[in-house]
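A.B. asks: Compute the structure for the input listed below.
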Amino acid sequence: MLGKQLKLLRETMQKSQQEVCSALNIEQSTLANYENGKRIPKIEILIKIAEYYQCSVDFLLGIEKTGGTDLSNFQLDNSEFALDFKMRIHDIMAEQKMSEDEFSKKTGFHSEEKDAYLYGNKMPSIEDLIKIAGALNVSADYLLDISKRKRITAEEEMLLQTFNRCDDECKKYLLAKAGVLCVEGISAVAAGEYGKYVDEEKKSFPSSGTEGKMA
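C.D. replies: Below is the predicted model of the structure:
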């Protein structure tokens, strides 16, 4: 999945392998191996790739279909990260009242692997990051302390998919329209007229293409 995502993103942005490699400071053969699935990048390289493509780590890993995260100020210190990573796991387990046995069962980790993450300071591999995120039902970006959002809802994902299909002008229009809709929607709910409001809004909102850009 990761290799396909990397190749898809590069081709969508119409970038050559050499252009991407220059930006990431890696060899072209390394990127080629990432894209064909022969090699898996380390966490720090994965984060650089997500920053370059302006997408979330979850998107790269195929955990999330779309969405972006601001990685511009993210710095990874391995020793500090490993400690924080362990503490986030403990906090989430405590919040969910998950036992160590449950954690081990959901991740598929044997005793030594489980203890390495819960009591050691281990840097996760990509495979283990996916397992832990899935077991705890949180995003990989949250585990990496890139995002404060634990997960994205189905409704949010659908909105992001629609938003990301738009060009820049359309995105500006949608953001402005969303602000208006939030205010008007709250007022409509308070007045008990939300159903009527939705019907009217459907009639006025552009159905497709670029019809509503200048509305």
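A.B. asks: Break the chain into its domains for me.
C.D. replies: 2-61, 78-143, 166-204 (automatic domain parsing).
A.B. asks: and the end-to-end length of the first one?
C.D. replies: Domain 2-61 has its terminal residues 5 Å apart, counting by CA to CA, to the nearest Å.
A.B. asks: quick one: average confidence on it?
C.D. replies: The average pLDDT within domain 2-61 is 88.
A.B. asks: same question, the longest one
C.D. replies: Here domain 78-143 scores 89 as its mean pLDDT.
A.B. asks: Numbering from 275 from now on, please.
C.D. replies: Okay, residue one is now 275; in that scheme the one you just asked about reads as domain 352-417.
A.B. asks: quick one: the helices in this structure?
C.D. replies: Along the chain, counting by DSSP state H, helices occupy 276-286, 291-298, 302-309, 317-327, 331-335, 352-370, 374-381, 385-392, 400-410, 414-417, 428-438, 442-464, 468-478.
A.B. asks: Now mean neighbour count too, for those, in JSON lines please.
C.D. replies: Where C-beta positions appear, they are placed from N, C-alpha and C, glycine not excepted. Converted to JSON lines, the helices of the chain look like this (neighbours: other CB atoms under 10 Å):
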{"stretch": "helix 276-286", "mean neighbour count": "16"}
{"stretch": "helix 291-298", "mean neighbour count": "15"}
{"stretch": "helix 302-309", "mean neighbour count": "17"}
{"stretch": "helix 317-327", "mean neighbour count": "20"}
{"stretch": "helix 331-335", "mean neighbour count": "24"}
{"stretch": "helix 352-370", "mean neighbour count": "15"}
{"stretch": "helix 374-381", "mean neighbour count": "15"}
{"stretch": "helix 385-392", "mean neighbour count": "15"}
{"stretch": "helix 400-410", "mean neighbour count": "19"}
{"stretch": "helix 414-417", "mean neighbour count": "24"}
{"stretch": "helix 428-438", "mean neighbour count": "13"}
{"stretch": "helix 442-464", "mean neighbour count": "12"}
{"stretch": "helix 468-478", "mean neighbour count": "11"}
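A.B. asks: what's the neighbour count on residue 314?
C.D. replies: Residue 314 sits with 14 neighbouring residues when counted by other CB atoms under 10 Å.
A.B. asks: Report the contact partners of it.
C.D. replies: 276, 308, 399-401 (CB atoms under 8 Å, 6 or more residues apart in numbering).
A.B. asks: Alright, that wraps it up for me.
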